[in-house]
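Asker: Got a predicted model here, sequence first, then my questions.
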Amino acid sequence: MQPTDKDVSATAPEQDADFNGATPTHVPLETYLEHYAARGFEWVEGTLVDMSPVVEEHDELFQYLIGLFNVYLGLRTVGKIRVAPFTLYLPTSPNRRREPDIMFIRSEHQDRLQHSMVSGAPDIIIEIVSAESVERDYVDKFDEYEAGGVPEYWIIDPTRQRTRFHRLGDGGKYNLIAPDAEGNYQTPLLPDLRVHVPTLWAAPLPNLIDTVRTVEAMLSK
């Protein structure tokens, strides 16, 4: 049975949280959900993992992707997105709570979307790599999302101007899917949407009005 927002248990070593002083190292799940989930922490085997404040480059890319998804989903109502600090629970990682940058949940999987968490595999997870999250995004979360049956995991690395689009194969392992010759990535989970990879490194990134025009043109073909 998957947990709900209210179905939490103290599976980690107990240690009182000093909310007026230093952040504790270890807290039970209940304390994490109540006091730290909304503050940019992830919870791994009872340990609080502090997500460092994002830099401007990361935040602008994050906002662009949110705009791209919101425009697309406003025109094609195939699902919803949730963004950090929305919490993710995967049954294959019961002692971990991640807060992916962006999660896409298809309409037929809306039962996985709860008030303050996604319980079960989202259809797409997107992580934008920062200086302190390289190993976590490329290695730790790759393994967790693959084992958890997340159909697609996108790693977007603005520092290296590199993307990795992973898609689950028949054996439950991720296959790396390359963009086409024009630099567009397409997925059957988002019909007719083309993510133009070179645009992700543009300075400045397209504004919302330009994004609306671009997506409308895509979907009109």
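Answerer: Received, thanks. Everything quoted here is computed from the prediction, not taken from an experiment.
Asker: per-domain residue ranges of the chain.
Answerer: Under the assignment named as automatic domain parsing, the residue ranges that make up the domains of the chain are 9-50, 56-220.
Asker: Reformat those domains as JSON lines; add mean neighbour count.
Answerer: (C-beta placed from N, C-alpha, C; glycine too.) As requested, those are arranged in JSON lines below (neighbours: other CB atoms under 10 Å):
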{"stretch": "domain 9-50", "mean neighbour count": "16"}
{"stretch": "domain 56-220", "mean neighbour count": "17"}
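Asker: residues in contact with the spatially closest residue to Arg194 that is not a sequence neighbour?
Answerer: Distance criterion CB to CB, 6 or more residues apart in numbering; nearest residue to Arg194, sequence neighbours excluded, is Asn184 at 4.1 Å. Neighbouring residues of Asn184 by CB atoms under 8 Å, 6 or more residues apart in numbering: Arg194, Val195, His196, Val197.
Asker: Phe86: which of those is nearest?
Answerer: Taking CB to CB as the measure, Val195 is the one of the contacts of Asn184 closest to Phe86, at 21.2 Å.
Asker: what does the longest helix seen in the chain contact?
Answerer: In the chain, ranked by residue count with DSSP state H as the criterion, the top helix is helix 56-75. Applying CB under 8 Å, 6+ apart, the contact partners of helix 56-75 are 54, 79-81, 83, 101-102, 104, 126, 128, 130, 156, 158-159, 190, 193, 195, 200, 204-206, 208, 211-212, 215-216, 219.
Asker: Much appreciated, bye for now.
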